[in-house]
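# Show me how the following folds:
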Amino acid sequence: MTLDQVAQRGLVLLGCGKMGSAMLAGWLEGGLPPASVHVMTPNPSDWLKGTGVHINGAVPLDAAIALLAVKPQKMAEALPRLAPLGGGATLFLSVAAGLTLARYEAMLGAGTPVVRAMPNTPSAVGRGITALVANSQVTEADMQLAEALLSAVGDTVRLEHEDQMDTVSAISGCGPAYVFHLIEALAEAGVAEGLSPDLAMRLARATITGAGELAHQSPDDARQLRVNVTSPGGMTAAGLAVLMQDLPDLIHRTVRAAAERGRELGA
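Residues are numbered from 1 along each chain as shown. Okay, here's the model as predicted:
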């Protein structure tokens, strides 16, 4: 299935909050005709109303794809509206956390092709990364279509098994919160060492975002980038001597705790 076929048969977007809006904006900027998009959302924003897409109307029963972007706790209530699309003709692509492929198959029918995806919050600025895994009904062409749609908000990776999703979520899904907390901690350390709160936060934010962009653009891996900025016997080396004593184990325990919680929520 191609994007041209999506334009012809239609795309259904269930939920249009921050993630749904970010994806929709990317699709429209990429040339998807607004008239081919059917959005179902209880509180359409002024931005959505101005896009030219169909809002809360009848959806095409032969839609090429239905993208599920409602919160997980709302899925059982919202998804039955799309049950007539289940059974095989429509590809379902979910970005809701925690809900397994088996649960979607139970709600939509065992013959329904379903791709489960886990984007992260940097998707809101086009710098996300999304992990995908599919059930046995999904073809290679379906996967390529899902990747093409999700590339509107960043990079994509494929998983070999669905049970990898909790670990992926603990890293890339939860990871932005870890980074934001690092910004907080750096800023607090700056204040403790005599800087004003505004200056310390400005330095911390710029340092983390700048280092992230350098890691994104540089051909060097993270280890080499660390080495590049660390002069033997210098200030960075002194700081790293403290940080590297505890940080690796702390990060391991952090990711493990998040992944275990994900498995509990999906049980």
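
# and residue 240, what does it touch?
Contact partners of residue 240, counting by CB atoms under 8 Å, 6 or more residues apart in numbering, are 226, 230. Every residue, glycine included, has its C-beta placed from N, CA and C.

# Residue 28 sits in which helix or strand?
Assigned by DSSP states H and E, residue 28 belongs to helix 18-29.

# Next: residue 66.
strand 65-68.

# Repeat that for residue 194.
Using DSSP H and E, residue 194 falls outside every helix and strand.

# Need the phi and psi values for it.
phi 110, psi 0 (degrees, to the nearest 10).

# Mind listing what's buried along the helix holding residue 28?
19-28 (16 or more other CB atoms under 10 Å).

# CA atoms only for the helix or strand just after the strand holding residue 66, dumped as PDB, please.
Toward the C-terminus, strand 65-68 is succeeded by helix 72-78 as the next helix or strand (DSSP H and E). Provided in PDB are the C-alpha atoms of helix 72-78 (Å, rounded to 0.1, in the frame of the first residue of the first chain):
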ATOM      1  CA  PRO A  72      -4.900   3.900  26.500                       C
ATOM      2  CA  GLN A  73      -7.500   4.300  29.200                       C
ATOM      3  CA  LYS A  74      -9.900   5.700  26.600                       C
ATOM      4  CA  MET A  75      -9.300   3.000  24.000                       C
ATOM      5  CA  ALA A  76     -12.000   0.500  25.100                       C
ATOM      6  CA  GLU A  77     -14.600   3.300  24.900                       C
ATOM      7  CA  ALA A  78     -13.400   4.900  21.600                       C
END
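
# Need the residues that contact helix 72-78.
Here helix 72-78 has contacts from 14-15, 40, 68, 70, 96-99, 107, using CB under 8 Å, 6+ apart.

# Among those, name the ones in helices.
residue 107 (DSSP state H).

# can I get the contacts of helix 72-78 in a markdown table with neighbour count?
Output for the contacts of helix 72-78, formatted as a markdown table (neighbours: other CB atoms under 10 Å):
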| residue | neighbour count |
| --- | --- |
| 14 | 24 |
| 15 | 21 |
| 40 | 21 |
| 68 | 24 |
| 70 | 24 |
| 96 | 22 |
| 97 | 18 |
| 98 | 20 |
| 99 | 20 |
| 107 | 18 |
